[in-house]
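**Q** here you go, sequence then predicted model.
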Amino acid sequence: MKQVLLEIADNKRIAPSVFKCTLAGDVSGITAPGQFINLKIDGCYLRRPISVFDKTEESVSIIYKTIGRGTEILSLMQAGDGVDVLTGLGNGYDISLSGDRPLLIGGGVGIPPLYYLAVKLIEKGVKPVAILGFNKKSEVFCEDDFKAAGCDVFVTTVDGSYGIEGFVTDAFPVEYSFFYTCGPEPMLKAVYSKTVTSGQFSFEERMGCGFGACMGCSCKTITGYKRICKDGPVLRKEEILWAD
């Protein structure tokens, strides 16, 4: 973990209530896809944890949805504004487990961390299949990013207004070697039930500190309690225990 001051290079809306923000500066603390950063927002007591969408040597990009006061303030910030950020948080996805045909499954704002994962998988010579799930056509984002990176991409919408009608589980390919997923818990449970291989789940959870000190985001696994911010947010399918 590193605490750094990053400068907003760009901050724009890409879908209803969804924004993409690029922050420039020292991002060397980010070492794996699936990690997240924790932003200090002026006027808010707790930092806001947001997953990494993409990373270069000089910048990190995030995609977030305005769902509360903190993200609403963030959406109004402009290029040149500075942000106090904790970087390189969480364990991230393990690309060594992918096999030769990994499946990436994302829903809504759970999609962004899968993009940087896709980039790293393609860099090692693996071509992923990406399934991106939304409620309706107007909410679709990042489809072109995944295609440009080199993924086979399928989009699902619940109302059938774009792509495949239904849920992400309705678009599963016949064969895949491993899967990676991130999204709302009902989607993750459906993916858990539908998948036939091992895989990794990235969980979204309310956090206090974001680096394992407060124990506020602990969850029970088959090997005991784990902190989503520190021991996660990525867990293997085989260790997950779903709460009733």
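**A** In hand now; what should we look at?

**Q** run the chain-centre distance for the longest helix along the chain.
**A** With DSSP state H setting the assignment, residue counts place helix 112-123 as the longest helix in the chain. Centroid displacement of helix 112-123 relative to its chain, using CA atoms, centre = their mean, to the nearest Å, is 10 Å.

**Q** buried ones in it?
**A** In terms of neighbour count (16 or more other CB atoms under 10 Å), helix 112-123 has its buried residues at 112-121. Glycine gets a C-beta too; all of them are placed from N, C-alpha and C.

**Q** of these, which is the nearest to F203?
**A** Proximity of the buried residues of helix 112-123 to F203, judged by CB to CB, is greatest for P113, which lies at 11.2 Å.

**Q** so that closest one makes contact with C182?
**A** Yes - using CB atoms under 8 Å, P113 is in contact with C182, at 5.4 Å.

**Q** quick one: low-confidence ranges for the chain?
**A** Along the chain, segments meeting pLDDT under 70 span 205-210, 212-213, 215-216, 244.

**Q** any idea which helix or strand comes after the longest strand that it contains?
**A** Counting residues, the longest strand in the chain under DSSP state E turns out to be strand 2-15. Next helix or strand after strand 2-15 toward the C-terminus (DSSP states H and E): strand 18-24.

**Q** contacts for the longest helix of the chain, please.
**A** 33-34, 36, 51-55, 62-63, 93, 95, 98, 102, 104-106, 127-128, 130, 142, 145-146, 149-151, 180-182, 202 (CB atoms under 8 Å, 6 or more residues apart in numbering).

**Q** are any of those residues buried, and which?
**A** Neighbour counting by 16+ other CB under 10 Å classes 33-34, 36, 51-55, 62-63, 93, 95, 98, 102, 104-106, 128, 130, 142, 145-146, 149, 151, 180-182, 202 among the contacts of helix 112-123 as buried.
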